[in-house]
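>>> got a sequence here, can you build the structure:
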Amino acid sequence: MTVLSGTGLTRLYGDPCGDCESLTGDDAGRNRCPACGTIVACADVSLDIERGEVLGVVGESGSGKSSLAELLALERGEGHSRGSVRFDGYEGNLLESDYDTRTRLRNDDLALVHQHIRDGLTLSFSGGGNVAEKPLAAGERSFEAVRERVRSLFEQLEVPVDRMDDPAETYSGGMQRRVQLARALVTDPAVVVLDEPTTGLDVSVQARVLDTFRRVQRERGVAAVVVSHDLGVVRLLADRTLVMRHGRVVERGLTDRILEDPHHAYTQQLINSTL
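Below is the predicted model:
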């Protein structure tokens with residue numbers, strides 16, 4: 001069952017001249033329009049995510065991954081955006097929805113784990129407070145029920161429960177990332193979008209965070225979109241993968257197939273660079 005789908009997703013930064021998309025892309029070897037200088041962050045990307053599935057989006061810096069993640073997570077951001085995002089249980093194109101609809105969706109059913117910790121957490125708040133803020137905003141009125149929910153998630157995600165009331169700024173990078181995951185999962189969303197989930201973490205910490213997320217994701221049946229430049233992250237988490245370059249999807253398919261038998265020259269280059 002498809003829980004989230006995107007059609008024709010496009011985001012441009014600048015003052016488009018009308019020819020930006022035809023003058024950029026994989027064949028052109030660039031994502032900056034030579035006529036007007038507009039950046040075509042992503043163009044005409046379509047995808048769907050099944051309930052409980054993990055979809056990987058991989059590519060080098062500037063390939064359009066994060067812009068795609070923002071569109072799927074209904075982050076307005078800057079630039080010119082178009083396309084359609086549809087979510088099971090909601091009517092119409094959510095990119096065109098009103099503020100209340102978008103807020104309700106992001107409080108209840110769709111969560112974004114930001115690449116940069118400061119975008120995803122208020123570091124002066126306690127770790128538990130950062131997580132509790134979301135269900136309280138969604139309308140939960142029992143503080144004790146929320147606190148118990150946070151406690152349970154801290155245990156599942158291996159964040160010391162006795163640190164719940166400590167400021168998030170006193171946590172290690174790995175703990176802060178896990179608190180972001182707890183915040184994303186606390187309202188039992190159907191879909192979580194993770195933008196570069198291992199940024200700034202040591203390799204050993206990366207592995208623990210990813211293993212923990214994969215276990216919790218499977219237990220809860222949450223669908224996820226995992227955006228990363230790291231093929232190792234995609235290999236561990238994703239069932240299917242999209243490969244992006246210059247704002248376009250250049251290859252898609254089952255993750256194992258893409259990693260073992262890449263068809264596009266750019267995908268081959270990405271894989272060879274990690275060997």
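>>> list the contacts of the lengthiest helix in the chain.
Longest helix of the chain, by residue count under DSSP state H: helix 203-220. With Cβ atoms under 8 Å, 6 or more residues apart in numbering as the test, helix 203-220 has contacts from 52, 54, 156-158, 172-174, 177-178, 181, 185, 188, 192, 194, 197-198, 201, 222, 224, 233, 236-237. For the C-beta atoms, the positions are set from N, CA and C on the backbone; glycine is no exception.
>>> any idea of the mean pLDDT for stretch 10-20?
Regarding stretch 10-20, the rounded mean pLDDT is 96.
>>> same check, this time on stretch 88-106
90.
>>> so what touches that stretch?
With Cβ under 8 Å, 6+ apart as the criterion, stretch 88-106 contacts 1-4, 51, 71, 73-74, 81-87, 109, 112, 190.
>>> would you map the strands across the stretch 151-275 of the chain?
Secondary structure of the stretch 151-275 of the chain by DSSP state E, counting those that start in this stretch: the strands cover 191-195, 223-228, 240-245, 248-254.
>>> quick one: closest of the ones you listed to Asn130.
With distances scored as Cβ to Cβ, the stretch of the strands of the stretch 151-275 of the chain nearest to Asn130 is strand 191-195 (15.9 Å).
>>> sheet partners, orientation included, of that closest one?
Looking at strand 191-195 with DSSP bridges, its partner strands are strand 110-113 (parallel), strand 223-228 (parallel).
>>> could I get the CA-only coordinates of the shortest one as PDB?
Taking Å, rounded to 0.1, in the frame of the first residue of the first chain, the C-alpha atoms of strand 110-113 are listed here in PDB:
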ATOM      1  CA  LEU A 110       5.100  12.700   8.700                       C
ATOM      2  CA  ALA A 111       8.400  13.600  10.400                       C
ATOM      3  CA  LEU A 112      11.700  15.000   9.200                       C
ATOM      4  CA  VAL A 113      15.100  14.300  10.800                       C
END
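>>> worst mean pLDDT among the strands paired with strand 191-195?
strand 110-113 (a mean of 90).
>>> okay, now the closest residue to Pro160 other than its chain neighbours: neighbour count?
Counting by Cβ to Cβ, 6 or more residues apart in numbering, Phe154 is the residue found nearest to Pro160 once chain neighbours are left out, at 7.3 Å. Residues lying near Phe154 (other Cβ atoms under 10 Å) number 22.
>>> Phe154 reaches Asp166, doesn't it?
No - the criterion here is Cβ atoms under 8 Å, and Phe154 misses it with Asp166 at 11.5 Å.
>>> need the residues touching each of those two.
Gly127.
>>> what's the distance between Gly18 and Thr38?
Look at Gly18 and Thr38: by Cβ to Cβ, to the nearest Å, they are 10 Å apart.
>>> between these two, point out the one with more neighbours.
Using other Cβ under 10 Å, the more surrounded residue of Gly18 and Thr38 is Thr38, with 24 against 10.
>>> surely the more buried one touches Cys17?
Yes - contact status for Thr38 versus Cys17: in contact at 6.9 Å, counting by Cβ under 8 Å.
>>> residues near Gln206, how many?
Neighbours around Gln206, by other Cβ under 10 Å: 20.
>>> got it, and Glu60?
14.
>>> give me the three-state assignment for it.
coil (DSSP: H, G, I helix; E, B strand; the rest coil).
>>> what's near enough to touch it?
Here Glu60 is in contact with 229, 245, 270 (criterion: Cβ under 8 Å, 6+ apart).
>>> same thing but at 6 Å, please
His229 (Cβ atoms under 6 Å, 6 or more residues apart in numbering).
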